[in-house]
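Asker: Got a sequence here, can you build the structure:
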Amino acid sequence: MAAVTSHGVITGAYIIAFLAILFTALSYGKMTKAYPISGSAYTFTQKSINSEVGFLVGWTIMLDYMLTPMVTCWMSTVFISAVFPWIPHYVWIILLTAIIVVPSILGVTISASASKIFVIAQIISVCFFWILTVKSLLEGVGTGTLFSNKPLFNSDVPLSVILAGVSILCFSFLGFDSLTTLSEETINPEKTIPRAIIIMLIFIGVLYIGSSYLAQLVQPGFSFEHADSAAMEIAIIVGNFSSGVATITSALRVFYAMGRDSVLPKNLFSYFHAKFKTPSHGIIVIGIVSLLGILLNLDQVIKFINFGGLIAFTSVNLSVIAHYFIRNQKRSFNDCIRYLFLPFMGAAFTMWLWSHLEMEASGWYVAWHIFFT
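Answerer: As a prediction, the model looks like this:
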């Protein structure tokens, strides 16, 4: 969809999205240094601005974290159903939800091991995709060359069209913020987490930009209609599993932080299984929400998550300004760049992205806050 929206300049759109999200990633790193505890955007906003705004942000990202595993199951179901069309899609959603939820219940060690396996498999799949596309290009398939500026820039495509593609591609980068939820379990989180955020974002950026560039060269439009040409789709399926397991891990830490502050019921989200030592009740809640994918529309849910993610991004950028520039009065020239200009740019970009989302998503979020708070 992004390739069509950006009129084929998808790699250029990915580069712009990466650079824009980088501003927000830097803000997450700064706030982790200030508050190295679980809770991510919820904690940062609560501590830097006030508890009321923190609650609203926490309530928002809570829904995001619960819906993201559903999206990973749905996206995998779309690709798998194309290969096995005779099997009802709800069967795959139930099976994939179980594959994501069960390792999380059985323990952190098993969950981490499952994530490592999925990530390694994803990297191998992407490497195969790169090798096969390079081989095809050298054999004259597609553009027949490894070097072209078409995926990066096209004078016939206006900037507004490319930016429309950027607003879609930003969803690809959602998730780097989940590292901040692991602050309490990380050695020296003030230094480790900010570095890890930047390293992960760069790694993701290289994978997306490199893959989209090669895909556009070998087949403009980035559309794979046959299973024998779907190496990238295999990588997406495997990547969805690792994303789903990681999202549950992150969500539980946000839930725990909110439960610890009595924002959520402690007996539900702070309960730990006697044998597995995991917050099994919270995991089951996330699993039940994921099963709603049987009823909901994938496109609507993704737009819903985009809206929530942008709220979190904006709040963290504003938290940097509130904590460092206003409260601690860090106002030297270098401090103004670090604690005012950069987070302002991050907030401005995420607010601009809001303007490209459909009003339906914001309407559902308003309903979520009115009826469930």
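Asker: which stretches of this structure have low pLDDT?
Answerer: 1-8, 108, 111-112, 114, 171, 220-246, 270, 293-294, 296-300, 356-373 (pLDDT under 70).
Asker: Could you check how far the residue positioned nearest the centre of it is from residue 292?
Answerer: Nearest to the geometric centre of the chain sits residue 174, at 2.2 Å (CA atoms, centre = their mean). To residue 292, residue 174 is 19 Å away according to CB to CB, to the nearest Å. All C-beta spots, glycine's among them, are computed from the backbone N, C-alpha and C.
Asker: contacts for stretch 36-49?
Answerer: For stretch 36-49, the surrounding residues in contact (CB atoms under 8 Å, 6 or more residues apart in numbering) are 28, 31, 34-35, 53-55, 57-58, 61-62, 177-178, 180-184, 186, 189-190, 193, 250, 253-254, 256-258, 261, 312-313, 315-316, 318-320, 322-323, 327.
Asker: again, 6 Å this time
Answerer: Residues from elsewhere that reach stretch 36-49 (CB atoms under 6 Å, 6 or more residues apart in numbering): 31, 35, 53-54, 57-58, 61, 177, 180-181, 183-184, 189-190, 253-254, 257, 312, 315-316, 319, 322-323.
Asker: and residue 154, what helix or strand is that in?
Answerer: Assigned by DSSP states H and E, residue 154 belongs to no helix or strand.
Asker: so it sits right up against residue 12, yeah?
Answerer: No. The pair residue 154 / residue 12 is not scored as a contact, 8.1 Å apart, by CB atoms under 6 Å.
Asker: Pick out whichever of the two has more residues nearby.
Answerer: residue 12 (25 against 16; other CB atoms under 10 Å).
Asker: same for the strand or helix carrying the more buried one, what does it pack against?
Answerer: Assessed by DSSP H and E, residue 12 sits inside helix 10-34. Using 3 or more CB pairs under 6 Å, 6 or more residues apart in numbering; DSSP states H and E, the elements in contact with helix 10-34 are helix 159-169, helix 189-218, helix 298-320, helix 342-354.
Asker: Same question for it: list its buried residues.
Answerer: 10-18, 20-32, 34 (16 or more other CB atoms under 10 Å).
Asker: next one: stretch 60-72
Answerer: Neighbour-count burial for stretch 60-72 [16+ other CB under 10 Å]: 60-72.
Asker: Now find how far off-centre that stretch is within its chain.
Answerer: Relative to the centre of its chain, stretch 60-72 is centred 10 Å away, using CA atoms, centre = their mean, to the nearest Å.
Asker: now do stretch 201-219
Answerer: Centre-to-centre, stretch 201-219 and its host chain are 17 Å apart (CA atoms, centre = their mean).
Asker: swap in stretch 73-90?
Answerer: 22 Å.
Asker: ditto for stretch 344-358
Answerer: A distance of 16 Å separates the centroid of the chain from that of stretch 344-358, by CA atoms, centre = their mean.
Asker: who touches it?
Answerer: With contacts defined as CB under 6 Å, 6+ apart, stretch 344-358 is touched by 20, 23, 24, 27, 167, 303, 307, 310, 313, 314, 317, 318.
Asker: Can you give me the buried ones in it?
Answerer: 344, 345, 346, 347, 349, 350, 353, 357.
Asker: Please apply the same query to stretch 197-206.
Answerer: Quick answer for stretch 197-206 (16+ other CB under 10 Å): 197, 200, 201, 204, 205.
Asker: Pull the contacting residues for the closest residue to the second one other than its chain neighbours.
Answerer: If the residues on either side of it in the chain are set aside, residue 200 comes closest to residue 176, at 5.5 Å by CB to CB, 6 or more residues apart in numbering. Residue 176 sits next to 25, 197, 200, 201 when contact means CB under 6 Å, 6+ apart.
Asker: try it again with 8 Å
Answerer: 21, 25, 28, 197, 200, 201, 204.
Asker: surely residue 89 meets residue 79?
Answerer: No. Applying CB atoms under 8 Å, one finds residue 89 not in contact with residue 79, separated by 11.2 Å.
Asker: How many residues are close by residue 316?
Answerer: Residue 316: 28 neighbours (other CB under 10 Å).
Asker: now swap in residue 147 and tell me
Answerer: With other CB under 10 Å as criterion, residue 147 counts 7.
Asker: Check the gap between the nearest residue to residue 174 once chain neighbours are set aside and residue 142 for me.
Answerer: Leaving aside its sequence neighbours, residue 174 sits nearest to residue 309 (CB to CB, 6+ apart; 4.6 Å). Distance of residue 309 to residue 142, given as CB to CB: 33 Å.
Asker: More neighbours: which of those two?
Answerer: residue 309 (24 against 17).
Asker: Isn't that one up against residue 64?
Answerer: Yes. Assessed by CB under 8 Å, residue 309 is found in contact with residue 64 at 6.0 Å.
Asker: how far out from the middle of the chain is the longest helix along the chain?
Answerer: Longest helix in the chain by number of residues, with DSSP state H as the criterion: helix 51-83. The chain centroid and the centroid of helix 51-83 are separated by 9 Å, computed with CA atoms, centre = their mean.
Asker: quick one, it and helix 298-320 angle?
Answerer: Between helix 51-83 and helix 298-320, the angle comes out at 150 degrees (axes from the mean of the first three to the mean of the last three CA atoms, to 10 degrees).
Asker: What's the first helix or strand after helix 51-83?
Answerer: Counting by DSSP H and E, the next helix or strand C-terminal to helix 51-83 is helix 89-106.
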